[in-house]
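Q: sequence first, then the predicted structure, then my questions.
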Amino acid sequence: MDAAAIDLAAIARLAKAMAFIAGANDPTARALRKAAETQAEADVKKARLMFLQLKPGTRAAAFAFLND
């Protein structure tokens, strides 16, 4: 996966959504925030994997937060 193919602004918005939903200290929210800040490919991969491992309802809530 190429980190350039990932929309880093979307990752930052998703990090804010996850912080709102699960709390600022949630591991996934922290990983997303770190990926948005560092823009390192390894951080983006880790954050993506952690996000995909969330329950479907939590992922849907994060995406719904982005749509509002």
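A: On my side now, so go ahead.

Q: C-alpha only now, for contacts and for neighbours.
A: Will do.

Q: in three-state terms, label Ala24 for me.
A: Classification of Ala24 using DSSP: H, G, I helix; E, B strand; the rest coil returns coil.

Q: disregarding residues adjacent in the polypeptide, which is nearest to it?
A: Closest residue to Ala24 apart from its sequence neighbours, by CA to CA, 6 or more residues apart in numbering: Arg30 at 7.0 Å.

Q: run a quick neighbour tally on the one you found.
A: Per other CA atoms under 10 Å, the neighbour tally for Arg30 reads 18.

Q: tell me what the helix or strand harbouring it is packed against?
A: Following DSSP states H and E, one finds Arg30 within helix 27-38. If you count contacts as 3 or more CA pairs under 8 Å, 6 or more residues apart in numbering; DSSP states H and E, helix 27-38 packs onto helix 8-22, helix 41-52.

Q: tell me the buried residues in the longest one?
A: Judged by neighbour count (16 or more other CA atoms under 10 Å), helix 8-22 contains these buried residues: 8, 11-19, 21.

Q: again, but for the shortest one
A: Neighbour counts using 16+ other CA under 10 Å place 43-48, 51 of helix 41-52 among the buried residues.

Q: hmm, back to that, from the buried residues of helix 8-22, which shows the smallest pLDDT?
A: Of all the buried residues of helix 8-22, Leu8 has the smallest pLDDT value, namely 87.

Q: look up the closest residue to that residue, ignoring the ones flanking it.
A: Ala36 (5.7 Å).

Q: from Gly57, how far out is the one you found?
A: Going from Ala36 to Gly57 by CA to CA, to the nearest Å gives 23 Å.

Q: of those two, which one has the most company?
A: Ala36 (22 against 9).

Q: if I pick that one, what's in contact with it?
A: Residues counted as contacts of Ala36 (CA atoms under 8 Å, 6 or more residues apart in numbering) are 8-9, 11-12, 44.

Q: cutoff 6 Å now
A: Going by CA atoms under 6 Å, 6 or more residues apart in numbering, Ala36 touches 8, 11-12.

Q: tell me how far it lies from Pro56.
A: Taking CA to CA, one finds Ala36 at 22 Å from Pro56.

Q: what's the answer for Met18, then?
A: Met18 sits 13 Å away from Pro56, going by CA to CA.
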